[in-house]
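Participant: Need a 3D model of the following:
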Amino acid sequence: MMRLPSLQWAAPRTLTELTTRLAADPASTKLLAGGTDLIPNLKRRHQHARQLLWIGKISELQGIQPEASGEVSLGASTTLTAITRSDHLRRHYPGLVRAVASISSPVLRNMGTIGGNLCLDTRCTYYNQSEEWRRSIDYCLKEAGDTCWVAPGSPRCWAISASDSAPLLAAIGAKVSLHSVAGEREIDVEKLFVDDGIQYLAKRPDEVLTRIRLPAVSHSRSTYWKLRRRHSIDFPVLGVGAMVASDGGGRITAARVFLGAVASAPLSVDTSALLGQLPTEELVHTVAERARDLATPLDNTDFTLQWRRRMVHSYVDGALRELCGLPAKVVAPREGRFAIEV
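Facilitator: Have a look, this model is predicted:
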């Protein structure tokens, strides 16, 4: 049986108390919400801490709050299940609901939180193993070693971003609020991530992600396509978050596509070919080709990297066809199914 190491534990009741405690020793403190990823990682010694701060008692970090402006504020401790069951989010942000519904299983979504998924640790075949296995290969760069076993000649870690919510939230232009004893700052979700498998967040160790702000929906549509081996539980091997907005005449006024699980941070795809145009199969194909050229998956997760790269084209093409109302070539991979040619 895997056991937790010896830890100190506290349950702050206010955001001020939380940030004060965190500032005292940020390097050795972990924040605990649902714990669906952190607790197993601590047991396997993937992550290390001397102190856990449980944030489940802090009201400022909870709830789904539609605002008069049309924006929606999500508390970082809001459970994934609460998001999938929200009528407001299902109606106005169906892409987010689809992304969140694809995460793990119902039992874990009952505990897991949106903030936890957004800040999910990066993953790799050589890292997400038992302690004994990792020790047998002399550890990897993300652990305590000197070599990234995915690319031994590289000076950096190539573990991949495994968050399902991150590509979709980046695509729709969401923002996050970060609190510390020094104050509050707000940044775009896409700027929260750094393309490095170890230092993968731009959030400082003494900062707490408190809320996620969703932009007002204005003639826009969003979707999320996920590739994984099983219908549930599995982390993404590829995630495509996409948003398209159009004017009254059907011309595209905004389009954003982000790829997850192909790099250490969500990757932004060049969608400029669509802007100001009526959507066509040729334009969608152009964007899908750019996405395939952008993605350079490595041998650090499930399936062969060559096939994963080909699937980038298929999934981006399928997601944009769905949003643009074009004839489908593939069926959307709902509930974890692979995309299927039609």
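Participant: C-alpha from now on. contacts and neighbour counts both.
Facilitator: Will do.
Participant: for the stretch 51-200 of the chain, what spans make up the helices?
Facilitator: Taking DSSP state H, counting those that start in this stretch as the criterion, the stretch 51-200 of the chain carries its helices at 80-84, 87-92, 94-101, 106-111, 114-118, 131-136, 165-172.
Participant: Show me how far the second one is from its chain's centre.
Facilitator: Read it as helix 87-92. Relative to the chain's own centre, helix 87-92 is displaced by 20 Å; criterion: C-alpha atoms, centre = their mean, to the nearest Å.
Participant: Where does pLDDT dip in the stretch 101-250 of the chain?
Facilitator: Across the stretch 101-250 of the chain, nothing is flagged by pLDDT under 70.
Participant: From S102, how far out is H231?
Facilitator: H231 is 9 Å from S102, where distance means C-alpha to C-alpha, to the nearest Å.
Participant: So if I had to pick from the two, which one is more boxed in?
Facilitator: The neighbour count for H231 versus S102, taken as other C-alpha atoms under 10 Å, is higher for S102 (27 against 16).
Participant: My read is that that one contacts S232, right?
Facilitator: Yes: between S102 and S232 there is a contact under C-alpha atoms under 8 Å: 7.1 Å.
Participant: Pull the number of nearby residues for A24.
Facilitator: The burial count for A24: 11, using other C-alpha under 10 Å.
Participant: With the one 3 residues further on instead?
Facilitator: Burial of A27 is recorded as 14 neighbouring residues (other C-alpha under 10 Å).
Participant: Which residue, other than its chain neighbours, is closest to it?
Facilitator: Computed as C-alpha to C-alpha, 6 or more residues apart in numbering, the closest residue to A27 that is not its neighbour in sequence is P205, at 6.5 Å.
Participant: host element of the residue lying closest to H219 once chain neighbours are set aside?
Facilitator: Once flanking residues are discounted, H219 sits nearest to A245: 5.4 Å by C-alpha to C-alpha, 6+ apart. For A245, the host element (DSSP states H and E) is strand 238-246.
Participant: One more: V257?
Facilitator: strand 252-260.
Participant: So in that sheet, which strands flank that strand, and in what orientation?
Facilitator: Its sheet considered, strand 252-260 pairs with strand 238-246 (antiparallel), strand 267-269 (antiparallel) by DSSP bridges.
Participant: Let me see the mean pLDDT of it.
Facilitator: Strand 252-260 shows a mean pLDDT of 98.
Participant: Name the surrounding residues that touch that strand.
Facilitator: With contacts defined as C-alpha atoms under 8 Å, 6 or more residues apart in numbering, strand 252-260 is touched by 161-164, 166-168, 170-172, 236, 238-247, 266-272, 274-279, 316.
Participant: Give me the ChimeraX select line for these, limited to the buried ones.
Facilitator: Selection of the buried residues among the contacts of strand 252-260 in ChimeraX, burial being defined by 16 or more other C-alpha atoms under 10 Å:
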select :161,162,163,164,166,167,168,170,171,172,236,238,239,240,241,242,243,244,245,246,266,267,268,269,270,271,274,275,279,316
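Participant: Just the C-alphas of stretch 129-149, formatted as PDB.
Facilitator: Presented in PDB, the C-alpha positions along stretch 129-149 are these (Å, rounded to 0.1, in the frame of the first residue of the first chain):
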ATOM      1  CA  GLN A 129       5.900   5.500 -12.800                       C
ATOM      2  CA  SER A 130       6.500   4.000  -9.300                       C
ATOM      3  CA  GLU A 131       9.400   5.200  -7.200                       C
ATOM      4  CA  GLU A 132      11.200   1.900  -7.700                       C
ATOM      5  CA  TRP A 133      10.900   2.100 -11.500                       C
ATOM      6  CA  ARG A 134      12.100   5.700 -11.600                       C
ATOM      7  CA  ARG A 135      15.100   4.900  -9.400                       C
ATOM      8  CA  SER A 136      16.000   2.000 -11.600                       C
ATOM      9  CA  ILE A 137      16.700   4.300 -14.600                       C
ATOM     10  CA  ASP A 138      18.500   6.800 -12.400                       C
ATOM     11  CA  TYR A 139      15.500   9.100 -12.400                       C
ATOM     12  CA  CYS A 140      14.700  11.700 -15.000                       C
ATOM     13  CA  LEU A 141      15.200  15.400 -15.300                       C
ATOM     14  CA  LYS A 142      11.800  16.200 -13.800                       C
ATOM     15  CA  GLU A 143      12.600  14.100 -10.700                       C
ATOM     16  CA  ALA A 144      16.100  14.200  -9.400                       C
ATOM     17  CA  GLY A 145      18.200  13.200 -12.400                       C
ATOM     18  CA  ASP A 146      20.300  14.900 -15.000                       C
ATOM     19  CA  THR A 147      18.700  13.500 -18.200                       C
ATOM     20  CA  CYS A 148      15.400  13.900 -20.000                       C
ATOM     21  CA  TRP A 149      14.900  10.300 -21.200                       C
END
